[in-house]
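Trainee: Fold the following for me, if possible:
(one chain, ligands or ions: 2)
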Amino acid sequence: PTTIYLKDYTPFGYLVDSVHLTFDLDAHATRVTSRIAFRPNPDATDRTFFLHGEELKLIRAAIDGAEITPDVTDKGLTADVPDAPFLWESEVEIDPGNNTALEGLYMSNGMYCTQCEAEGFRKITFYPDRPDVMSTFTVRINGDLPVLLSNGNPSGKGEGWAEWVDPWPKPAYLFALVAGDLIAHPGQFTTKSGRNVDLNLWVRPGDEGKCAFGMEALKKSMKWDEGVYGREYDLDVFNIVAVDDFNMGAMENKGLNIFNSSAVLASPETSTDANFERIEAIIAHEYFHNWTGNRITCRDWFQLCLKEGLTVFRDAQFTSDMRSAPVKRIHDAIDLRARQFPEDNGPLSHPVRPESFQEINNFYTATVYEKGAEVIGMLKRLVGDAAYAKALDLYFERHDGQACTIEDWLKVFEDTTGRDLTQFKRWYSQSGTPRVRVQEDWADGTYTLTLKQRTDPTPGQEAKLPQVIPVAVGLLGPNGDEVRATEVLELTQAEQSFAFTGLAAKPTASILRDFSAPVILEHDQSNAERAFLLAHDTDPFNRWQAGRDLAQDTLMRMILQDAAPDTDYLDGLLTVLRNDELDPAYRALMLGLPTQSELAAALHDRGHTPDPMAIWAAVETLRQATAQTVQDLLPRLHSEALVDGPYSPDAEQSGKRALGSAALALTSRLDGGAMAAEAYDKANNMTLQLTALSCLLRARKGEAQLDAFYEQWQHDRLVMDKWFGLQVAMAAPEATPAIAATLTEHADFNWKNPNRFRAVVGALAMNHAGFHQPDGAGYALLADWLIRLDPVNPQTTARMCSAFQTWKRYDPDRQALTRAQLSRIAETPNLSRDTTEMVSRILG
Ligand code: B3K
Ligand code: ZN
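Mentor: Numbers count the residues shown, from 1 in each chain. Ligands and ions are numbered 1, 2, ... in the order given. Just a heads-up that it's a prediction; the model follows:
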């Protein structure tokens, strides 16, 4: 396989002035006719006329009306073209009905749809399929289906055809087409300058009742982007389509967003609070791409974080504004530690802006997205809110309509603030999670904080340079009052000291407030200090973090020294839970524990070999002790979940349900699931129903409820995904591989559907102790399914290979078992480029 390098970028030899496409739809022989106006690009030196094209049957090609015979390979075609503007025409035939990879034009339940990012347009027609080639598109769809959609504004339609014009120049990856028997859930939005926009959420018949929430989320997003970023929508229509077979969450095609149905369809009966929150965020994310991604796009795929990091950052701001900012920040830190840290500290580690790839689809990662967003958060913290707003205004003004780089992005900050961002830019080029070690000194009223940063070597990067790390710090006095408000220290050297003078007594430091940088803080705080912060910190993030540190500390000692659960932790938790002034959602978060995978990483960091079964046992013991400690509070906390009045997925109600659900889970450890069985019968929404079922499954009960759930919901794919997933997630470690294997034999296990595949096989990889069973059954089962899925859907297969990325943390036996499975995958004949790249990187 060939490796593509950032340093090799050159512009394409031709510019595209317009694209006209005609689709004659047919399940197995769709004809795509293109008419493309090219002209030589004055900024390019290489005039090779190469058009990407894969899996296309070329019927005809012509230049300025004269038929030609281009050189065609399995990657594309080359042709001799005039050194002047010319019209390119081609006609190709494609087979959407057999497109199981879900990239290009494919079919899902009788509906035609597309996914072109990153490089799927080349499976539709011959084209310079690269994001720096932008053009307006006119699309004619001929097909015997009631709804025919493409990008932009509708420009005409009749029986069996429709035409669309997208006036905004765009790269091919934003092209979309949908055709099918769909029903619209309509809405309206008037932009701040008075443009009336017709909104539609298109769904399959039967899903009409699951649209209202998504539509409202869309309107809120449109309003928010006008208010906070001054960004207005720029077409007369905005369409969203829900599709059951989709490789990711959703896609921001211009004016025609295509969503995995799991990322848009919602109703209280079928969706959990967490589903609602995720849907609201994804709708916002895709909508925000209209400016950060579509109007300003990426020059090349190495710049992916330009649009993704920024858009994740924007959707996080939106969620903070719509819901609770501290809760969102804590969720994001949990998520970063669970998904990005393992990536950044293992064989798949890569910079936020990668410098090489074989298959770009493998770089839609937590590093590019979530660390990319953290980098923007740090930049905003360093320059301040007002300067950030000014820089963004300049970004939109200067780069509208362009395909840009990270250099362009940083330049607007340099130009508006006068800051030199040379060192800051290392966040984009250095991979690995920086570690910040804390040393504290106290003398004569002066508290000195010494911070040392280091980043371990990562693949391809042995030596690391110091980065700019904003460390937000506050100090608390002995009575719990804040004696120094939050201040952002700029750590730029390998080692740096910061002095706080004039203090009456030795303070307790609250460091890395609000999780001000995506780093690992190494702070040997005593549990007494942690308990003090848990009781008094004014920063909600660090108050939560103090509880988390206590929990981690006790778990580590339970695992390593067979210690009993720590009373500092249990007592602290009790105090927090009793405090009715604290937001229920926040108290629910306090009840959370580090994931078992995180504990494995922490053990590995400290030079121990993690034993997944010992980790699992410690967590179980701590949970049991927690249940006993807070026993008296549980009935009242559980009743929080039973809010009065109609269901709403808002922050307040879902926070109460989160706390009530956590209480029910603890109760089930004491009563064997009796209360959960009652709660299951009474549940009047999916959040409560699923919580009760999961408590029962964990108590090794709930067989009857599992059957009843199946009977009740077998007609609903999204709910059935939960039914499949929960059984694997809640399985006892020893039973996990067998349960997962049995579920893959279930009549409803449609493994070619990515959601269903992830529900079972993905859940297996997420069940830490179950996946890491000492006999290797978890590894073998995952490998079996990856080998089976690869020829059908390489993207989803490759993505799931990352379950193996942490393999070198574990003991030699497990390593040998994993290596055998990875080699078995690697040696599979005709393995996709996607999976080949992932497995070879993981093997190292
Ligand atoms: N831009 C798409 C992701 C496309 C993934 C291609 N493998 C969704 C998003 O980030 O909004
Ligand atoms: Zn995105």
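
Trainee: Which other helices and strands does the helix or strand Met675 falls within contact?
Mentor: Assigned by DSSP states H and E, Met675 falls within helix 674-682. On a contact count with 3 or more Cβ pairs under 8 Å, 6 or more residues apart in numbering; DSSP states H and E, helix 674-682 meets helix 651-671, helix 686-698. C-beta coordinates here come from the backbone N, C-alpha and C atoms, glycine included.

Trainee: so can I have a markdown table of these showing mean pLDDT, mean neighbour count and distance to Glu226?
Mentor: What follows is the helices and strands packed on helix 674-682, written out as a markdown table (pLDDT from 0 to 100; neighbours: other Cβ atoms under 10 Å; distance: least, Cβ to Cβ, whole Å):
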| stretch | mean pLDDT | mean neighbour count | distance to Glu226 |
| --- | --- | --- | --- |
| helix 651-671 | 97 | 22 | 22 |
| helix 686-698 | 98 | 24 | 32 |
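
Trainee: Can you lay out those as a markdown table showing distance to Thr2?
Mentor: Output for these, formatted as a markdown table (distance: least, Cβ to Cβ, whole Å):
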| stretch | distance to Thr2 |
| --- | --- |
| helix 651-671 | 48 |
| helix 686-698 | 46 |
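
Trainee: These: which one's closest to ligand 2?
Mentor: Within the helices and strands packed on helix 674-682, the stretch nearest ligand 2 is helix 651-671; the backing value is 23.3 Å (Cβ to the ion).

Trainee: chain center to the closest one, what's the gap?
Mentor: 26 Å (Cα atoms, centre = their mean, to the nearest Å).

Trainee: could you check the angle helix 686-698 makes with it?
Mentor: For helix 651-671 against helix 686-698, the angle by axes from the mean of the first three to the mean of the last three Cα atoms, to 10 degrees is 20 degrees.

Trainee: Using CSV, write down the CA coordinates of helix 651-671.
Mentor: Extracted in CSV, the C-alpha atoms of helix 651-671 (Å, rounded to 0.1, in the frame of the first residue of the first chain):
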residue,chain,number,x,y,z
ALA,A,651,-30.7,18.7,31.6
GLU,A,652,-32.7,19.0,34.8
GLN,A,653,-34.9,15.9,34.3
SER,A,654,-32.2,13.8,32.8
GLY,A,655,-29.9,14.8,35.7
LYS,A,656,-32.4,13.5,38.2
ARG,A,657,-32.9,10.3,36.3
ALA,A,658,-29.1,9.8,36.2
LEU,A,659,-28.9,10.1,39.9
GLY,A,660,-31.9,7.9,40.4
SER,A,661,-30.5,5.3,38.1
ALA,A,662,-27.2,5.3,39.9
ALA,A,663,-29.1,4.8,43.1
LEU,A,664,-31.0,1.9,41.6
ALA,A,665,-27.8,0.2,40.5
LEU,A,666,-26.4,0.4,44.0
THR,A,667,-29.7,-0.8,45.5
SER,A,668,-29.6,-3.8,43.2
ARG,A,669,-26.4,-4.9,44.9
LEU,A,670,-28.1,-5.0,48.2
ASP,A,671,-31.6,-6.4,47.3
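
Trainee: helices and strands around that helix, which ones?
Mentor: Using 3+ Cβ pairs under 8 Å, 6+ apart: helix 651-671 touches helix 273-288, helix 584-590, helix 612-629, helix 634-639, helix 674-682, helix 686-698.

Trainee: among those, which is nearest ligand 1?
Mentor: Nearest to ligand 1, of all the helices and strands packed on helix 651-671, is helix 273-288, at 5.4 Å by Cβ to the nearest ligand atom.

Trainee: Please state the mean pLDDT value computed over whichever helix or strand comes after the closest one.
Mentor: Per DSSP H and E, the first helix or strand lying C-terminal to helix 273-288 is strand 297-298. Regarding strand 297-298, the rounded mean pLDDT is 99.

Trainee: Any part of strand 297-298 near ligand 1?
Mentor: No - Strand 297-298 stays clear of ligand 1 (Cβ under 6 Å from any ligand atom), getting no nearer than 10.3 Å.

Trainee: Tell me the residues of this protein that contact ligand 1?
Mentor: Looking at ligand 1, the residues of the chain close enough under Cβ under 6 Å from any ligand atom are Glu117, Ala118, Met248, Ala250, Met251, Glu252, His285, Glu286, His289, Glu308, Asn361, Tyr364.

Trainee: Out of the helices and strands packed on helix 674-682, which gets nearest to Leu56?
Mentor: helix 686-698 (43.5 Å; Cβ to Cβ).

Trainee: How far off centre is the closest one?
Mentor: 25 Å.

Trainee: Let the chain start at 17 from now.
Mentor: Fine by me, first position is 17 from now on; the one you just mentioned is helix 702-714.

Trainee: Can you tell me the element Tyr663 falls in?
Mentor: Judged by DSSP H and E, Tyr663 forms part of no helix or strand.

Trainee: Tell me the secondary structure at the nearest residue to Leu352 once chain neighbours are set aside.
Mentor: The shortest distance from Leu352 to any non-neighbouring residue, by Cβ to Cβ, 6 or more residues apart in numbering, is to Glu386 (5.4 Å). Look at Glu386: counting by DSSP: H, G, I helix; E, B strand; the rest coil, its state is helix.

Trainee: Show residues contacting the helix holding Met691.
Mentor: 654, 680, 683-684, 704-705, 707-709, 711-712, 715, 717-718, 721 (Cβ atoms under 8 Å, 6 or more residues apart in numbering).

Trainee: same thing with stretch 223-235?
Mentor: Here stretch 223-235 has contacts from 199, 201, 203, 205, 215, 217, 219, 254, 256, 258, 277, 280-283, 286-287, 292, 295-296, 299-300, 303, 665, using Cβ under 8 Å, 6+ apart.

Trainee: How is this protein divided into domains?
Mentor: Per the record, the chain has its domains at 17-196, 313-445, 451-540, 730-860, by automatic domain parsing.

Trainee: tell me the secondary structure for the closest residue to Phe787 other than its chain neighbours?
Mentor: Counting by Cβ to Cβ, 6+ apart, Phe787 lies nearest to Gly794, which is 4.0 Å off, once chain neighbours are set aside. The three-state assignment at Gly794 reads helix, by three-state DSSP.

Trainee: same check, this time on Ala200
Mentor: Assigned with three-state DSSP, Ala200 falls in the strand class.

Trainee: How about Pro534?
Mentor: Pro534 is classified as coil under three-state DSSP.

Trainee: Pass me the low-pLDDT residue ranges in the stretch 417-566 of the chain, would you?
Mentor: For the stretch 417-566 of the chain, applying pLDDT under 70 flags no range at all.

Trainee: what ranges do the strands span in it?
Mentor: 419-420, 451-459, 462-470, 485-492, 498-507, 511-516, 524-527, 536-538 (DSSP state E, counting those that start in this stretch).

Trainee: Out of these, which is the most enclosed?
Mentor: Each of the strands of the stretch 417-566 of the chain was scored by mean neighbour count; the highest is strand 524-527, a mean of 24, by mean count of other Cβ atoms under 10 Å.
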